[in-house]
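Q: Using only what follows, build the 3D model:
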Amino acid sequence: MNPFLKNDINIFKNLSESEFIELKSVFSYRKYLKKEFIIKEDAAVENIYFISSGLVKLSYFDNDTNEFILSFAFENWWETDFSAFYNQTKAALTLQCLEDTEVYGLNFDDYFLILDKYRLSNYFLDKSIRGHIASQKRILSLLTLKPKERYEQFLQLYPSINQRIPKSVLALYLGVSRETLSRLYRKSKK
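A: As a prediction, the model looks like this:
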């Protein structure tokens, strides 16, 4: 198992080596190629994913096939269509790789098993709360900030992934045209 996952979990609870060996057996490892889908709309969502390496986007497509990007996830982040995973329903969202990506999947039953057996509820609660806070900030930025301010906020919050995201995808995430993003980018370089 990738050492990032062990380090990530150990931030909240130090596991013995034997506990960790037992714990890692419930995770499934998989590599995905750039542009490949981890989750497709209307499919069963069997796992919550720990991103070991790479970059993914979580999106919603409306009936006119317009894409709305909810979030990006990269190394050491957890991502899935949480509503579908938790409620064991079909996906309303897609999870697609923006880079070659390696993930560790944790299925529904094993998720609840490790919450109880390894007392990881606080770990996942902390991750959930941080994700919820990020979502609220994103919603507020879309409702209250001008495009330039949204772009500057994104650069401040995620400086490490700005160069990894295609400009057309970032424009979609920010809710601006590609041309507007290019102007904002040029202004920020002055």
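Q: ok, and Ser59, which helix or strand is that part of?
A: Under the criterion of DSSP states H and E, Ser59 resides in strand 55-61.
Q: Each with direction, which strands does the first helix or strand past that strand going along the chain pair with?
A: Per DSSP H and E, the first helix or strand lying C-terminal to strand 55-61 is strand 67-74. Applying DSSP bridges, strand 67-74 is found paired with strand 55-61 (antiparallel).
Q: Tell me which residues are up against the strand it pairs with.
A: 38, 41, 67-74, 79, 81, 92-99, 101, 161, 164-165, 169, 173 (Cβ atoms under 8 Å, 6 or more residues apart in numbering). Yep, even glycine has a C-beta here, placed from its N, CA and C like the rest.
Q: how about it as PDB, C-alpha atoms only?
A: What follows is strand 55-61, C-alpha atoms only, in PDB (Å, rounded to 0.1, in the frame of the first residue of the first chain):
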ATOM      1  CA  LEU A  55      -5.800  14.500 -10.400                       C
ATOM      2  CA  VAL A  56      -9.500  14.000 -10.900                       C
ATOM      3  CA  LYS A  57     -12.600  16.200 -11.400                       C
ATOM      4  CA  LEU A  58     -16.000  15.500 -10.000                       C
ATOM      5  CA  SER A  59     -18.700  16.800 -12.500                       C
ATOM      6  CA  TYR A  60     -22.400  16.900 -13.100                       C
ATOM      7  CA  PHE A  61     -23.900  17.000 -16.600                       C
END
